[in-house]
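**Student:** Quick one: sequence and predicted model below, then my questions.
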Amino acid sequence: MALQPIEGQPGLFRDTDSGAVVNIRDFRESDKYDTIVIPANTPIAAGTEFVFFQDIQGKRETDTNFKTARKLSAGESMVLDRIGLYFRLAVGNTATKPRDLKKSFENSYYRLRINEILQEEGPAIKFPSGYGVYGQTNETDNGIVSIGVPATASAARLVKKQMLNQNHELDGIMRFDARNWAVSPGVGSALGPLPANYNMIPSLDEPVMITNYLHGLIRAAVTK
């Protein structure tokens, strides 16, 4: 699935698996994306996973542009260049609280698999999308939080570009684990005893909506 540029042929790449030549002049730069919601008021149990691209039923274009679960649409292909996570600042009329955003991206681990083959993984904070807002607000409990400067140049690129089509199955997985390495409740630390309600499992005050962006060059299906 990896692409290598063909020397002396601008815009042409060779698929290292099939040997086919890909002409990216036929592509446009854009994103495929999907969104999950982490519910509020329930502790997120250790090992809980939220899966992108899998459940697309009933979602609006605001939240996903996938038409087929886990796959690109028939006739569509993509040169995948970057992976990004964006934590939405509102869910409907509910403004997402900054502390809930922090609990979400500081306690979660993300990995992307293509056809069950791991492509990239790491703490969620590793995957800025390059999208979003930045700055401060004077609203009560509504400060803006970002996991990266809103510029696409701030989003890390994959070491090797990946060529995707409708035959590839995608799994973007966000997992939460208990932070078991920390001091046990009541034992105390260098800063003094921990409070009785000290808990290594996050619980959100409001729901948090997260969008997983797959950024690159896309060639859509065409009809006559």
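**Tutor:** Received, thanks. Residues are numbered from 1 along each chain as shown.
**Student:** Please make it C-alpha for all contacts and neighbour counts, starting now.
**Tutor:** OK.
**Student:** what sits against residue 90?
**Tutor:** 96, 208-209 (C-alpha atoms under 8 Å, 6 or more residues apart in numbering).
**Student:** Which ones among the residues you listed lie within strands?
**Tutor:** Counted as lying in strands by DSSP state E, out of these, are 208-209.
**Student:** ok, the contacts of residue 90 vs residue 73, which is closest?
**Tutor:** For those, the minimum distance to residue 73 (C-alpha to C-alpha) is 24.2 Å, reached by residue 209.
**Student:** ok, of the contacts of residue 90, which one's closest to residue 19?
**Tutor:** residue 209 (39.9 Å).
**Student:** can you list contacts of stretch 149-165?
**Tutor:** Counting by C-alpha under 8 Å, 6+ apart, 1-4, 15, 71-84, 127-134, 148 sit against stretch 149-165.
**Student:** Selection in PyMOL covering whichever of those residues are buried, please.
**Tutor:** Listed next is the PyMOL selection for buried residues among those, using 16 or more other C-alpha atoms under 10 Å:
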select buried, resi 1+2+3+4+15+71+72+73+77+78+79+80+81+82+83+84+127+128+129+130+131+132+148
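**Student:** Give me the subset of the contacts of stretch 149-165 lying in strands.
**Tutor:** 3-4, 15, 77-84.
**Student:** And the furthest pair within those residues?
**Tutor:** Farthest pair in the ones in strands among the contacts of stretch 149-165, by C-alpha to C-alpha: 15 and 84, 23.7 Å.
**Student:** that older thread, in JSON lines: the contacts of residue 90, plus pLDDT and neighbour count.
**Tutor:** Formatted as JSON lines, those follow (pLDDT from 0 to 100; neighbours: other C-alpha atoms under 10 Å):
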{"residue": "96", "pLDDT": "91", "neighbour count": "25"}
{"residue": "208", "pLDDT": "95", "neighbour count": "24"}
{"residue": "209", "pLDDT": "96", "neighbour count": "20"}
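**Student:** Dump the contacts of residue 90 to CSV, plus distance to residue 172.
**Tutor:** Output for those, formatted as CSV (distance: C-alpha to C-alpha, whole Å):
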residue, distance to residue 172
96, 22
208, 17
209, 15
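**Student:** Identify the residue spatially nearest to residue 45, adjacent ones excluded.
**Tutor:** Once flanking residues are discounted, residue 45 sits nearest to residue 201: 6.5 Å by C-alpha to C-alpha, 6 or more residues apart in numbering.
**Student:** Equivalent analysis for residue 50, please.
**Tutor:** In space, residue 50 is closest to residue 174, 5.2 Å off (C-alpha to C-alpha, 6+ apart).
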